[in-house]
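Peer 1: Sequence unavailable; structure follows:
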């Protein structure tokens, strides 16, 4: 079983990590876990002002911070994992990776803002749910 776990460094992301760990025995020993963090791109104007090297460093630092908890917790528990650090539209890239990678399960933490707020602001989880055929486990 291939599991893709999205990580953004939020408390909701941490709950998703804990949920996967709590239920890992149900997936193991034939499960493979991969983490994905998608950093939204900087505006073209900001990226140009920073330059290519500083923009890359910015995204690398964001990914390191977002993955810190998951890396630490999974290492402590002894669960092996791979990582994907991407830059772009989070919903689009998560759905694309989940489909292209032929994952059996996609796990995402949800902020649980509610239907009306999601309609106004958009929700990464809602967008992934609409555009991805991979089974999605939403942890709240």
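Peer 2: Looks like it arrived, so ask away. As the structure is a prediction and not an experimental result, all values here were calculated from the model.
Peer 1: Show the average pLDDT along the lengthiest helix in the chain.
Peer 2: In the chain, assigned by DSSP state H, the helix with the most residues is helix 52-77. Confidence for helix 52-77, expressed as mean pLDDT, is 98.
Peer 1: Same check on stretch 33-42?
Peer 2: Stretch 33-42 comes out at a mean pLDDT of 98.
Peer 1: Once you drop chain neighbours, what's closest to residue 84?
Peer 2: residue 36 (4.3 Å; C-beta to C-beta, 6 or more residues apart in numbering). Heads up, the C-betas are built off the backbone N, CA and C, glycines and all.
Peer 1: Flag every buried residue along the longest helix of the chain.
Peer 2: 55, 58, 59, 62, 63, 66, 67, 69, 70, 71, 74 (16 or more other C-beta atoms under 10 Å).
Peer 1: where do the strands sit along the chain?
Peer 2: With strands called from DSSP state E, the chain shows them at 2-6, 32-39, 81-87, 105-109, 136-139.
Peer 1: now those strands as a markdown table including distance to residue 12?
Peer 2: Shown next, in a markdown table, are the strands of the chain (distance: least, C-beta to C-beta, whole Å):
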| stretch | distance to residue 12 |
| --- | --- |
| strand 2-6 | 10 |
| strand 32-39 | 14 |
| strand 81-87 | 19 |
| strand 105-109 | 3 |
| strand 136-139 | 7 |
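Peer 1: wait, which of those strands is closest to residue 24?
Peer 2: strand 32-39 (8.1 Å; C-beta to C-beta).
Peer 1: got the angle between that closest one and strand 105-109?
Peer 2: 50 degrees (axes from the mean of the first three to the mean of the last three C-alpha atoms, to 10 degrees).
Peer 1: what residue of the protein is the furthest out?
Peer 2: Largest separation from the mean C-alpha position in the chain: residue 49, at 27.8 Å (C-alpha atoms, centre = their mean).
Peer 1: if I look at that one, how far off is residue 42?
Peer 2: The gap separating residue 49 from residue 42 is 9 Å, by C-beta to C-beta, to the nearest Å.
Peer 1: Then residue 13?
Peer 2: Per C-beta to C-beta, residue 13 is found 21 Å from residue 42.
Peer 1: which of the two has more neighbours?
Peer 2: Neighbour totals were compared for residue 13 and residue 42, and residue 13 leads with 25 against 16 (other C-beta atoms under 10 Å).
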